[in-house]
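> From the sequence below, what's the structure:
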Amino acid sequence: MEGPGALAQNAAQDFRVMKCFVTGASGFIGSNLVRELAARGHEVKVLVRPESDLRALAGVECERVPGDLADREGLERKMAGCQWCFHVAASYHLWLPDYQPMYAANVQGARNVLDAARRASCLRIVHTSTVGCIGLPKTVNGRLVPSDETRPFSEDQLAIPYKASKWQAERIAVELARAGAPVVIVNPSAPIGPGDVKPTPTGQLVLDFLNRKLPAYVDTGLNWVHVRDVAAGHILAAEKGRIGERYILGNAEGNWTMKETLQVLEDLTGVPAPKLKIPHWVAKAAAQVDEGLSFFTKRPPRVPKAGAEMAGHKMWFNPAKAVRELGLPQTPPRQAFADAIAWFRANGYVKK
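Take a look at the predicted model:
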């Protein structure tokens, strides 16, 4: 959405030292982004809530400021003097007894942060979306073709509240870009690697495998990407991204079936991969029952319906645009899994 003059101006900017504002810095992607920014010599200010778990930021040099996504005026004051803003924070849940807080964080929170960054005159605003806001891969001549940024988002995907909330947030980012805000959108696929403190659903898969808590699997597929490549992709988006555009932060060689993923984990660890494959209809039926019980217990289901529904599709994506325009690194996914395994083992997550 930028003309040649704007692109030339981008190229002329000095990116050696920038003052950066980061939301979601205590999360998996956010903490890796903060570490990468600091390693490159940038000044980093991170927004944290009083109750935030800050273990992922241990040992990294950054300014920590208390705040909340709901406080737009406070956000603007805290961003004063920052050239780059990275909005990484999000509420990621596949099941909640009440989804309103998630919509408030993901939709209104995004509007508050992006608008505050615009008012604070940030030179670049990078909004972290998800590949869940990109249409599912289609089959052509019997072959599944990974989706790129042009693949239309379907109405069916809106049935999953998390995806619906992130889609609404992405629309806000696009609208602000069209109104002149310097917003660039990034859509990470399935990150894996070190520093997954909480851990995320992708990290939990590795951890369950290591702890032999994965007796079976569903025939699904994901696009795996090293979390450090995702962090680098955010910075490259600030440096080179075109305003109003979105970029898939994935790996061209990372489109693996779950069976292929588990085989790699077996190769790297020596732990036998599960052989039992559960049919999709069984997984969906079990999720229906599990979630029905959660309605009464208020405890999260082990397998939410949204998760079972998502597992019915191979979430394969094509990051060629980010590689071509941004220079997105392409660390082999096998290395990402090796780094994740080493980190979980070194930090006491794996039972002896």
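> What sits closest to Ala105 if chain neighbours are left out?
Leaving aside its sequence neighbours, Ala105 sits nearest to Ser91 (C-beta to C-beta, 6 or more residues apart in numbering; 4.1 Å). Just so you know, the C-beta spots here come from the backbone N, C-alpha and C atoms, and that holds for glycine as well.
> For Lys121, which three-state class applies?
No, residue 121 isn't Lys; it's Ser. Here Ser121 is recorded as coil under DSSP: H, G, I helix; E, B strand; the rest coil.
> what does Ile185 give?
strand.
> which strand residues sit across from it in the sheet?
Using DSSP bridges, the bridge partners assigned to Ile185 are His127, Arg246.
> where do the strands sit along the stretch 1-150 of the chain?
Assigned by DSSP state E, counting those that start in this stretch, the strands in the stretch 1-150 of the chain fall at 19-23, 43-48, 63-66, 84-87, 124-128, 138-140, 143-145.
> Of those strands, which is nearest Val206?
Nearest to Val206, of all these, is strand 124-128, at 21.8 Å by C-beta to C-beta.
> Compute the inter-axis angle for that closest one and strand 19-23.
20 degrees (axes from the mean of the first three to the mean of the last three C-alpha atoms, to 10 degrees).
> list the contacts for the residue nearest to Ala105?
Listed by C-beta atoms under 8 Å, 6 or more residues apart in numbering, the contact set of Ser91 reads Pro101, Met102, Ala105, Asn106, Ser165.
> Going by residue numbers, what spans are helices in the stretch 101-250 of the chain?
Ranges of helices within the stretch 101-250 of the chain are 109-119, 161-178, 201-210, 227-240, based on DSSP state H, counting those that start in this stretch.
> Columns distance to Pro137, mean neighbour count and mean pLDDT on top of those, output as CSV?
Formatted as CSV, the helices of the stretch 101-250 of the chain follow (distance: least, C-beta to C-beta, whole Å; neighbours: other C-beta atoms under 10 Å; pLDDT from 0 to 100):
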stretch, distance to Pro137, mean neighbour count, mean pLDDT
helix 109-119, 26, 23, 97
helix 161-178, 15, 20, 95
helix 201-210, 19, 20, 94
helix 227-240, 20, 25, 98
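> Just send those helices back as CSV, with distance to Thr139 too.
Shown next, in CSV, are those (distance: least, C-beta to C-beta, whole Å):
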stretch, distance to Thr139
helix 109-119, 33
helix 161-178, 21
helix 201-210, 25
helix 227-240, 28
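> where does the stretch 201-350 of the chain dip in pLDDT?
Applying pLDDT under 70 to the stretch 201-350 of the chain flags residues 287, 290-291, 294-295, 305-308, 311.
> hey, where'd the strands end up in it?
Using DSSP E, counting those that start in this stretch, strands in the stretch 201-350 of the chain cover 216-218, 221-226, 246-249, 255-257, 276-278, 314-315.
> what does the longest one contact?
For strand 221-226, the external contacting residues (C-beta under 8 Å, 6+ apart) are 131, 146, 188-193, 202, 249-251, 254-258, 261, 314-317, 319, 329, 331, 333, 335-337, 339.
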